[in-house]
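J.: Sequence below, structure please.
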Amino acid sequence: MTTPILQPFPLGAARIHDGSVFARARTELLHLARAYPVDRLLAVFRRNAGLDTRGALPPGNWEDFGHPNEDAWGEHDYPGREHAQTANLLRGHYAGHFLSMLAIAAAGEDDPALRAKVDAFVAGLGEVQAALAATGRYSHYGFLAAYGEWQFSRLEDFAPYGEIWAPYYTCHKIMAGLLDTYELVGNRQALGLAVGMGRWVHGRLSRLDPERRQRMWSLYIAGEFGGMNEAMARLSAAAEEPRFLETAAFFDQDRLLDAGASRTDVLTDMHANQHLPQLIGYVDEYEQTGERRYLDAALGIWDQVVPGRIYAHGGTGESELWGPPETVAGDVGHRNAETCASYNLLKLARRLFAHTRDPRYMAYYERTVLNHILGSRRAVRSDTSPEVTYMFPVHPGALREYDNVGTCCGGTGLENHVKYQDTVFLAAPDGLYANLALDADLDWADAGLHVSQRSGFPLGESVSLRFSGSGDGTERTVHFRVPAWAAGEPELRLNGDRLDAPPAGEYAAVTRAWRDGDELALTTPVSLRAEAAVDDPRQCALFLGATLLLAKSDATTGLAFPLNGRRAFDGSLITGRTGAELLAALGRDGAIELDGIAFEPCWSGEDGRYHMYLRSADAEIAFGGNGTGVPNRQRADGSTFLDELWAPGSFADRAAFLARAADTAARVRAEGLLGRDELATVLAAAAAFDGATGTPRAVDRADIPVVRDPGTVPPAVAIEVLDEPGPSGWYTTAPRIRLRGFDIDGADGDLRLELRLSGGDWAPYTGPVAITEEGVHLVEARVTDAEGCTGAVSRELSVDTAPPVSRAVVKDLGASVEITLHADDGVSGVERIQWEGPGTFWGTFQEAFTRAIDDEPQVIEYAATDRAGNEEPRRRLVIPGKCDRP
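T.: Here you go, the predicted structure:
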C-alpha cells in the first residue's frame, strides 16, 4: 500500500463558521437533509422489490418509478428490447447521493437525529436487498438496485443508451452511499450490504473477457460507471477482502490509463464526467496496489484538463463533452460546465494534493469550490429540492440552471454543500496544512490544540490562525498557503513579529511548539485583475482576489469592456479604488460598479443573466485609465497597440514597460496606425504613467523614450467587422464589413478605398457591406492616397448563418421501433445531434436506439448543432401508442 502524505481530519473535527459566505449553502442543505422523508428515497427500491412503498412518492425527474408495465427482470426473463416497456432507468442514483449527504452531514454536525435517519435508510435498503434475494431471480444474493438485473446483462451485449442507462453508474452511487455511511458513522449493516453488492459485481464481471469489458466501458453513457473502481478499492480495504481489488481493476479503461500515463491527449469529444470519476478510482488503486501507472494516469489527465480546458469558475466541458486542448473561448456554447464534473475535479485535486503537496491543486480547489460550487446553490430555502445547477454556463447573457431534483448534478449537489470543511485543513506528518482561508475552526486533537481561522474570506485581505489549549509541547510545522492571486508582497507575522513570507502561490512553513495564545497572521493584498482565456487574450474574466465577478446584463451578445488601458505594471486593473475598498463595497452592497456595469460575485447564488467573460476593447490608447486622445486603431487581425503592449501580462519594472511601449509604438507607427504627433503623445503618456495608481507622474524630456521615425508612411486601411463572431470564430449572422482609411501624416479625405470579396473584382467602397453568402471568405481592402501610394490588408471571415438540418429514420421492429438520427450541414459541418425522450435526458446521439411501443404516444425531441454554433429548433418525433398503430 502507498499512503498519502497528507490525511484528512475527521469531518467533525473541522467546522465552517456561521459567519462564512459558505454557511448559507451549508445551512440550506442541512435543512433539506433533516426535512426530506427517507420513505420517498426508498420508494423506487421498494416498488421494484415488491415491497410496500408506504404511500411515498419518489423524488421525481430521473428518480421516479419505472414504467407501469416494467418488471424487475433478471437477465434470463428480460423480454427483449422489442417488448420491454421501461422508464427512468437511472433511478436509485439520487438516493445513493442522498445517503452520502446524510452520512457526511451526520458526521460533520455530530447530529443524533441525522444518524438515526442514516440508520433507517440503510435498514430500508437491507430489506430491499433481502427481498430481491428471496426471489431467486438474480445471479447473486447481493444484487441491490431499483430495477432488475437485465440492464447489466444488456450492457454485456453492448446495448446503447436509450435501451439502458448507465447501470454501473447507479450501482456506484448506491455503493458509495453505503461506504460513506460505514466509514463516517460506523454503520456496519451498510458495510454488509456493500460487500454483498461487491460480490455480485465480481461475479458478473469476472466471467467476461477483458476485451468485452473494454468495449462495455467505451460506450457513451450506457457504459458510464462513475467511480466503480474507487468503490471496489475502498470496499477491499474496508472489508479486508483482496478479491475486490481485482474487481476494481475490471473497470480499468486501458486507453485512458495509457494516455494519461504517457501524457497523450485523447480527451477531445470524450464525455467529461464519464471519465473524471475513474481518475479518482485510479488514485485509490494506486494507494492499494502501489502501481505507479495509476497515479501517473491521474496526474497526466489532470494536466490535460487544468487549465487548458477550464473556464474561469473552474468548470469544464460543453454539453458534457471536452473540446480540443488549450481551448476555452473556442469551446463556449450554451451548455457549458456540468456541475458534476467540478464535483469530481475537486475530489481529484484533493487526492493529488495529498500525494504531491503541489500548491496548484489547492489553487484550483479554491477557485472552484468558491465560484462554481458555492455559486451553484441558489440562495433560497426548499424542503424538496437541492436547488443546485446542472450546467453553470459561461456564454454571454447566461442563466444558471437551478433546481435539479433527481438529476446527476442534483445528486452531487446534495453532497457539495455539507462538506466545505473537509479540505480547509489537512494533517501532515510534521504538523498541519491550512489550505483554504475559510472562516473555520479545527479541533487539532493530536496536538492538544484548538485552531480558529478567521479571514472574512473572500471579502478580506488577511487571515489569522489563533491557537488555544494546553498543547503537548511538541514542535510542529504549520504550512500556511499564500494564494497565487495575492497582489504585492504578502506579510506574515507570528504573535506580531514579522517573518519571511514565500512568494504568492506557495506555502509558508512555520515550526514551533504551538501553545495557547499563539497567532499566525497572513496579509495578502487584493487587486482587481483580468484573466484571459488560454486561446483568446481578448476574452477576459474579472477577478477580485479569489472572487470571479459576473457582469449583470440582459444582453445576450458579448460585452466590450476597456481593460488594457487601465492596467498597472503588475497586470492588475486600476479603478481609482483600492482592492480593500472594492471588497468592502462588494460585501456591503453585494455588487460593485465599473464603467456603468454592475458586477456580482459568482458565488452569490442569485438569479438573472450574467456575462462571465468580457471582450477586451479599448477605443483609445490609455495608461492607468488616463486617456491620450489617440485612437487605439486595429490591425487587419483585429489586434491593437494596447493588445500588443500588454501581451506579456505584466512588467517587472518601469524600464521593461517603457522599452516595450517604445518598440510597440515604433511598429504601429511604421504600419501607418500612428501619426507623428500621436506617436509623441503616446510616448510622453507612457513615460508619465506611474505603473500603480494611475496618477500621472511629472517627467522631463529625458524620461521619454526616443523612437526613430520611419519618415513618410503609406496610407493604411483597416477592415472592421461590425458584428461579433461566435465563440467558435464563425459568424452566425451575416457580418457587416466597414473600411476605414488612415493617412496618418496627410489628409484622410483624399483617400480612395476599394474592396474585393473572395477573389472577385475590386469595387469602390461606399459604405458597410454585409456578407450574406455562407462559407469562408477572403476579404481584401486597399487604399490609395493623392500621390498614388497604396496600402492593403486582407482577412478571412467564416460565415455560417443557418443551422444544420436533422432527420429521424424509424425502423419498425413490431413491438418496438429503432431510431437513427442524421444531420447535414454543408458549411461548417455537424458538431453533434442531441436527443431526449421519456425517462432520458438531453444527451448526445451516438448510435441507433430502440423504444418499446407504449400504451400512450411517446415524443422524442432532437436537434443538431453545427461547428459554427448554430442549433436548430428542436424537432419532434411522435411514436404512436398501441391503440394508434395501424
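
J.: Mind jotting down where the strands sit in the stretch 501-650 of the chain?
T.: Ranges of strands in the stretch 501-650 of the chain, per DSSP state E, counting those that start in this stretch, are 507-512, 519-523, 528-533, 536-544, 547-552, 560-561, 572-573, 592-594, 597-601, 610-611, 614-616, 620-623, 626-631.

J.: domains of the protein?
T.: 36-251, 253-418, 425-457+462-523, 552-703, 716-798, 805-884 (automatic domain parsing).

J.: closest one to Ala25 among these?
T.: domain 253-418 (4.0 Å; C-beta to C-beta). For glycine as for every other residue, the C-beta is placed from the backbone atoms N, C-alpha and C.

J.: Show me the shaky parts of the stretch 601-750 of the chain.
T.: Applying pLDDT under 70 to the stretch 601-750 of the chain flags the ranges 746-749.

J.: Thr2 - how many residues pack around it?
T.: Per other C-beta atoms under 10 Å, the neighbour tally for Thr2 reads 14.

J.: pLDDT below threshold where in this structure?
T.: For the chain, the ranges with pLDDT under 70 are 746-749, 886.

J.: Ile269: what's it in contact with?
T.: Heads up, residue 269 is Asp, not Ile. Asp269 is in contact with Leu321, Trp322, Gly323, counting by C-beta atoms under 8 Å, 6 or more residues apart in numbering.

J.: so which of those comes closest to Ala661?
T.: Distances from Ala661 to those, taken by C-beta to C-beta, are shortest for Gly323, at 35.8 Å.

J.: Setting aside sequence neighbours, what's the nearest residue to that closest one?
T.: Nearest residue to Gly323, sequence neighbours excluded (C-beta to C-beta, 6 or more residues apart in numbering): Asp331, at 3.3 Å.

J.: Dump the domains of the chain to JSON lines, plus distance to Val21.
T.: Listed next are those as JSON lines, based on distance: least, C-beta to C-beta, whole Å:
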{"stretch": "domain 36-251", "distance to Val21": "18"}
{"stretch": "domain 253-418", "distance to Val21": "7"}
{"stretch": "domain 425-457+462-523", "distance to Val21": "8"}
{"stretch": "domain 552-703", "distance to Val21": "6"}
{"stretch": "domain 716-798", "distance to Val21": "30"}
{"stretch": "domain 805-884", "distance to Val21": "31"}
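
J.: I'd like to know which of these lies nearest to Leu29.
T.: Going by C-beta to C-beta, the one of the domains of the chain nearest Leu29 is domain 253-418, 4.2 Å.

J.: show me the contacts for Leu755.
T.: By C-beta under 8 Å, 6+ apart, Leu755 lies in contact with Ile737, Leu739, Trp762, Ala763, Pro764, Tyr765, Val769, Val779, Glu780, Ala781.

J.: Among the residues you listed, which ones are in helices?
T.: If you go by DSSP state H, the contacts of Leu755 have nothing in helices.

J.: Neighbour-wise, which one of those residues leads?
T.: Counting neighbours by other C-beta under 10 Å, the top entry in the contacts of Leu755 is Ala781, with 24 neighbours.

J.: Verify the stated contact: that one with Val769.
T.: No. Using C-beta atoms under 8 Å, Ala781 makes no contact with Val769, being 10.6 Å away.

J.: And Val510, how close does it get to Pro502?
T.: From Val510 across to Pro502, the span is 11 Å (C-beta to C-beta, to the nearest Å).

J.: likewise Phe65?
T.: Counting by C-beta to C-beta, the gap from Phe65 to Pro502 is 57 Å.

J.: Now do the SS call for Trp485.
T.: coil (DSSP: H, G, I helix; E, B strand; the rest coil).

J.: now the one 4 residues further on
T.: Applying three-state DSSP to Glu489 yields a three-state assignment of coil.

J.: list the contacts for Leu257?
T.: Tyr282, Arg293, Tyr294, Ala297.

J.: Generate CSV for the contacts of Asp269, with secondary structure, neighbour count and distance to Gly579 as supplementary columns.
T.: Shown next, in CSV, are these (DSSP: H, G, I helix; E, B strand; the rest coil; neighbours: other C-beta atoms under 10 Å; distance: C-beta to C-beta, whole Å):
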residue, secondary structure, neighbour count, distance to Gly579
Leu321, strand, 23, 38
Trp322, coil, 23, 35
Gly323, coil, 23, 34
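
J.: need those residues in a markdown table with distance to Gln288, can you?
T.: Compiled in a markdown table, the contacts of Asp269 are given as follows (distance: C-beta to C-beta, whole Å):
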| residue | distance to Gln288 |
| --- | --- |
| Leu321 | 31 |
| Trp322 | 28 |
| Gly323 | 33 |
